[in-house]
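[1] Next input, structure requested:
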Amino acid sequence: MNENYKADIMRRLKGRPLTYRELFKDDPASLIDAVLEQIKTDIAMGDLTAIEGLLMTCPEEQLLGYLPEEFLGSQL
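    Okay, the predicted model is just below:
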């Protein structure tokens, strides 16, 4: 996690414990940023378990739409 990101989180906490839901309630973009940072950390550690669990909740059409068109061509 980069230092600016950590500083922003600490500024939001203001010394009191918050739940993730409270922390990101009015800022869905920051929630996505936090999840992406955790995904990067998990990948760097070689732990794909949580990422796989997250992806299993995505509709198949979303997953297929994420793949590059070149991927389909290489699978034929």
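[2] In contact with Ala50: list those residues for me.
    38, 42 (C-beta atoms under 8 Å, 6 or more residues apart in numbering). For glycine as for every other residue, the C-beta is placed from the backbone atoms N, C-alpha and C.
[3] repeat that for 10 Å
    Ala50 makes contact with 35, 38-39, 42, according to C-beta atoms under 10 Å, 6 or more residues apart in numbering.
[4] Any chance of a markdown table for those, columns distance to Tyr20, secondary structure and pLDDT?
    Shown next, in a markdown table, are these (distance: C-beta to C-beta, whole Å; DSSP: H, G, I helix; E, B strand; the rest coil; pLDDT from 0 to 100):
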| residue | distance to Tyr20 | secondary structure | pLDDT |
| --- | --- | --- | --- |
| Val35 | 10 | helix | 93 |
| Gln38 | 11 | helix | 92 |
| Ile39 | 15 | helix | 95 |
| Asp42 | 16 | helix | 95 |
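[5] ok, Phe24 - how many residues close by?
    Phe24 has 19 neighbouring residues, counting by other C-beta atoms under 10 Å.
[6] these two touch, right, it and Ala34?
    Yes: counting by C-beta atoms under 10 Å, Phe24 does reach Ala34; the two are 7.0 Å apart.
[7] Spell out which residues are contacts of both of these two.
    Shared contacts of Phe24 and Ala34, counting by C-beta under 10 Å, 6+ apart, come down to Ile9.
[8] For the residue nearest the centre of the chain, which non-adjacent residue is closest in space?
    Nearest to the mean C-alpha position of the chain, counting by C-alpha atoms, centre = their mean, stands Val35 at 2.4 Å. Residue nearest to Val35 in three dimensions, not counting chain neighbours: Leu54, with 8.0 Å by C-beta to C-beta, 6 or more residues apart in numbering.
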